[in-house]
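Trainee: the sequence and its predicted three-dimensional model are supplied below.
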Amino acid sequence: MTALIDLPHPGALRPDAAGPRTATPPARLVGIGTATPPTSYSQRDLLDIFGISDPRVRSVFLNSAIERRFLTLPPEAQDGSRLLEEQGALLAKHKRQGVEMGRRAVEACLKSAGADLADIGYLCCVTSTGFLTPGFSALLIRELGLDRHTSRLDVVGMGCNAGLNSLNAVTGWALAHPGRLAVMVCAEACSAAYVFDGTMRTSVVNSLFGDGSSAVAVVAADPRDRPGPSVLKYASCIIPEAVDAMRYDWDDDAGRFSFFLDPEVPYVVGAHADLVVSKLLAGTGLRRADIAHWLVHSGGKKVIDSVRINLGLTQHDVRHTTGVLRDYGNLSSGSFLFSYERLCDEGAVRPGELGVLMTMGPGSTIETALVRW
């Protein structure tokens, strides 16, 4: 493996009480937790539940590389059909499911980190499936009984890439507060952002997204005290000419918000993947072949294939990405953490190995992070 240049990080040097500058340990990912609703459905289940017979729509569902998704479907009418949810009901679902799944994800994350609720000094909440004021950070502080002086941040509406945008802020806080625990939680009730109208415009979205929450604990600490991969660097790439390719906007006909995905999204994202990875590795002395682990957002089969081909990755490299897509669908901002949890559970990572985290979303945007175990 090519030697990695010792990368500086924000806050790497800080004055101690006597005045000299002392090294701050890098921010580390020290815990991971996930949660989903209790109900899941196969793609065929959903086609039957909603009585979808259009062969074009059925093909989209059945050729998505997704087997099951966790969802909170609209309530049943007396005749067994599903009721049409108005925007108010969808927002209520977003709040209810976000708080419930977020709470369980944070609790699982703390258990993984060997930490307690009282250890949390900073809470960052990420979502794109609804709008609330106060946001999930305040609601979860109350729900979990966290200290009222907990620092917090809400990142709302950035889309599937937002997990890494937010992790950047969380690692920054951890570096500025060595030894203090920061937690990021992505809470996405994607079924609260659906328009069920049976049209081709909505079929791609309706066939793809699932409900789920994931949380990661971050602390700047010595690896002997807090084992976990250190975050070395971030790199971003926004594609302004594709700003309208992924959007969540108001549908006048449906009377609610609706998510739109341009069919060209996979190819636009894939074509820029090499550019942002090159930016991420610039100045490190690393080559792409030195990266042992790739945790890519489970954006959809075509997105994953496009990124994999453009980066020269193998099916094995993206096994957790495709596995999460198969078992959960696209979980928006928290998808990459579901893949990270699977990598941790696999137990195959060796000390010193490097990994790249990658998320993609509206903007159009690609976010990346370089980590080392």
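Mentor: Now that the structure is in, tell me what you want to look at.

Trainee: what is the longest helix seen in the chain packed up against?
Mentor: If you go by DSSP state H, the chain has its longest helix at helix 87-113. Contacts defined by 3 or more CB pairs under 8 Å, 6 or more residues apart in numbering; DSSP states H and E place helix 87-113 against strand 27-35, strand 120-127, helix 136-144, strand 181-188, strand 212-220, strand 256-261. Where you see a C-beta, it was placed from the backbone N, CA and C, and this is true even at glycine.

Trainee: rounded mean pLDDT for the fourth one, please.
Mentor: This points to strand 181-188. Strand 181-188 shows a mean pLDDT of 98.

Trainee: now do the second one
Mentor: In this model, strand 120-127 has an average pLDDT of 98.

Trainee: what pairs with that strand, parallel or antiparallel?
Mentor: strand 151-156 (parallel), strand 181-188 (parallel) (DSSP bridges).

Trainee: now the closest residue to E346 other than its chain neighbours: how far from R326?
Mentor: Leaving aside its sequence neighbours, E346 sits nearest to H320 (CB to CB, 6 or more residues apart in numbering; 7.8 Å). When distance is defined by CB to CB, to the nearest Å, H320 is 10 Å away from R326.

Trainee: those two: who's more crowded?
Mentor: Applying other CB atoms under 10 Å to H320 and R326 shows that H320 carries more neighbours, namely 24 against 16.

Trainee: contacting residues for that one?
Mentor: Residues counted as contacts of H320 (CB atoms under 8 Å, 6 or more residues apart in numbering) are 295, 339-340, 342-343, 346.

Trainee: which of these count as buried?
Mentor: By neighbour count, with 16 or more other CB atoms under 10 Å, those hold 295, 339-340, 342-343 as buried.

Trainee: N161 versus N168, what's the distance?
Mentor: When N168 is compared with N161 (using CB to CB), they lie 11 Å apart.

Trainee: who's more crowded, these two?
Mentor: The neighbour comparison of N168 against N161 (other CB under 10 Å) goes to N161, with 28 against 16.

Trainee: enumerate every residue touching that one.
Mentor: Neighbours of N161 in contact, by CB under 8 Å, 6+ apart: 297, 333, 359-363, 365-367.

Trainee: tell me, how many residues neighbour E107?
Mentor: The burial count for E107: 15, using other CB under 10 Å.

Trainee: I'd say it and E100 touch.
Mentor: No - if you go by CB atoms under 8 Å, E107 and E100 don't touch, sitting 11.3 Å apart.

Trainee: tell me, how many residues neighbour the residue nearest to K111 when sequence neighbours are not counted?
Mentor: Spatial nearest neighbour of K111, excluding adjacent residues (CB to CB, 6+ apart): G33 at 7.0 Å. By the criterion of other CB under 10 Å, G33 has 23 neighbours.

Trainee: how near is G33 to C344?
Mentor: In terms of CB to CB, G33 sits 11 Å off from C344.

Trainee: please, where are all the helices along the protein?
Mentor: Here the chain has its helices, by DSSP H, at 43-49, 55-62, 87-113, 136-144, 162-176, 200-208, 265-281, 301-311, 319-328, 335-346.

Trainee: what's the fourth one packed up against?
Mentor: Using 3+ CB pairs under 8 Å, 6+ apart as the contact criterion, the elements in contact with helix 136-144 are helix 87-113, strand 120-127, strand 151-156, strand 181-188.

Trainee: angle of that helix against helix 87-113?
Mentor: Put simply, helix 136-144 runs at 60 degrees to helix 87-113, going by axes from the mean of the first three to the mean of the last three CA atoms, to 10 degrees.

Trainee: just the CA atoms of helix 136-144, as PDB, please.
Mentor: Extracted in PDB, the C-alpha atoms of helix 136-144 (Å, rounded to 0.1, in the frame of the first residue of the first chain):
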ATOM      1  CA  PHE A 136     -36.000  16.500  15.200                       C
ATOM      2  CA  SER A 137     -33.000  17.600  17.300                       C
ATOM      3  CA  ALA A 138     -35.300  19.300  19.900                       C
ATOM      4  CA  LEU A 139     -37.900  16.500  19.700                       C
ATOM      5  CA  LEU A 140     -35.200  13.800  20.300                       C
ATOM      6  CA  ILE A 141     -33.600  15.700  23.100                       C
ATOM      7  CA  ARG A 142     -37.000  15.700  24.800                       C
ATOM      8  CA  GLU A 143     -37.800  12.100  23.800                       C
ATOM      9  CA  LEU A 144     -34.400  10.800  25.000                       C
END
